[in-house]
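Student: What shape does this take:
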Amino acid sequence: MQGVSTMSPRLDQRYLLIEFSILYLALPFAMWYGLSAMHLLIIPVLLIASLLCLGLLWHDPGFDREHFWKTQVSRNEVVRCILLFILCAVLMTALVWYKNPSVLFDLPRHHHVIWIMIMLFYPLVSVPPQEIIYRKFLFHRYEPILPSPESRILVSALTFSLAHIIFGNVLALALTLCGGLLFAFTYQRTKSLLAVWVEHAVYGGFVFTVGLGSSLLYGTKLMIERLTGAG
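Tutor: Numbering: from 1, shown residues only. I've put the predicted structure just below:
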């Protein structure tokens, strides 16, 4: 039994359900409720939550620390991820061009500083804590209440999407639900935090670049502008 090994199985599952509800349900809704003040707190909250998750993992005797990163991923998985990204990139580009061609590659064309900072900042600061919380921690910690791989993939994707409720638009939730399914599926197949980190960074960077998800882009631009003073 994973989790808190000193408890009975029934109490253990109750404890995990409460813990899960606080981290993955109550916290996103609390941030959404305080939306006007929360854009600047997104990254600090992510970092603090990911550190708490890491601490719980590190003190879990059932967690394999030696394979935390797991850099070895099969060639077939790498090829699958690359081909799937190419397909998704073509579809996303076509969608933006069809729906609103004026925003196609808007950030790199008109907001160079913001775009460069996002390309540097997002993979190094934003993506790692998200993958720790929504993949590595969720898949390991909550296996007792999510016993099947399918349930962990679905719950990971749903909670990952819910975390983006702070951006206040349906398109952001839809995009992150699709991304969450992709990343959770990759993690289930590879058990590699590094693999989903790279995959998440590539997809996120392309979404920002291509101009898809204007409200999500606006929220990120606003946060960068406030932090840097860039216009």
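Student: packing partners for the helix or strand hosting residue 152?
Tutor: In the assignment (DSSP states H and E), residue 152 maps to helix 149-162. Here helix 149-162 touches helix 138-141, helix 170-190, going by 3 or more C-beta pairs under 8 Å, 6 or more residues apart in numbering; DSSP states H and E. In short, each C-beta sits where N, CA and C put it, glycine included.
Student: got the angle between it and helix 170-190?
Tutor: 150 degrees (axes from the mean of the first three to the mean of the last three C-alpha atoms, to 10 degrees).
Student: who touches helix 149-162?
Tutor: For helix 149-162, the external contacting residues (C-beta atoms under 8 Å, 6 or more residues apart in numbering) are 24-25, 28, 130, 134-135, 138-139, 142-143, 146, 173-174, 176-177, 179-181, 183-185, 187-188.
Student: Filter those down to just the buried residues.
Tutor: Using 16 or more other C-beta atoms under 10 Å as the burial test, the contacts of helix 149-162 include 24, 28, 130, 134-135, 138-139, 142-143, 146, 173, 176-177, 179-181, 183-185, 187-188 as buried.
Student: The residue nearest to residue 93 when sequence neighbours are not counted: neighbour count?
Tutor: In space, and not counting its chain neighbours, residue 93 is closest to residue 210: 5.6 Å by C-beta to C-beta, 6 or more residues apart in numbering. Residue 210 has 21 neighbouring residues, counting by other C-beta atoms under 10 Å.
Student: now swap in residue 193 and tell me
Tutor: Neighbours of residue 193 (other C-beta under 10 Å): 19.
Student: hmm, back to that, closest one to residue 119 among the helices and strands packed on helix 149-162?
Tutor: Closest approach to residue 119 among these is made by helix 170-190 (17.2 Å; C-beta to C-beta).
Student: counting contacts, what elements does that closest one pack onto?
Tutor: For helix 170-190, the packing partners by 3+ C-beta pairs under 8 Å, 6+ apart are helix 75-99, helix 138-141, helix 149-162, helix 193-210, helix 214-228.
Student: Turn these into a markdown table, including mean pLDDT and distance to residue 115.
Tutor: A markdown table is the format used below for the helices and strands packed on helix 170-190 (pLDDT from 0 to 100; distance: least, C-beta to C-beta, whole Å):
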| stretch | mean pLDDT | distance to residue 115 |
| --- | --- | --- |
| helix 75-99 | 96 | 15 |
| helix 138-141 | 96 | 31 |
| helix 149-162 | 98 | 24 |
| helix 193-210 | 95 | 7 |
| helix 214-228 | 53 | 9 |
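Student: Switch those over to JSON lines; also include distance to residue 43.
Tutor: Formatted as JSON lines, the helices and strands packed on helix 170-190 follow (distance: least, C-beta to C-beta, whole Å):
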{"stretch": "helix 75-99", "distance to residue 43": "25"}
{"stretch": "helix 138-141", "distance to residue 43": "20"}
{"stretch": "helix 149-162", "distance to residue 43": "16"}
{"stretch": "helix 193-210", "distance to residue 43": "14"}
{"stretch": "helix 214-228", "distance to residue 43": "8"}
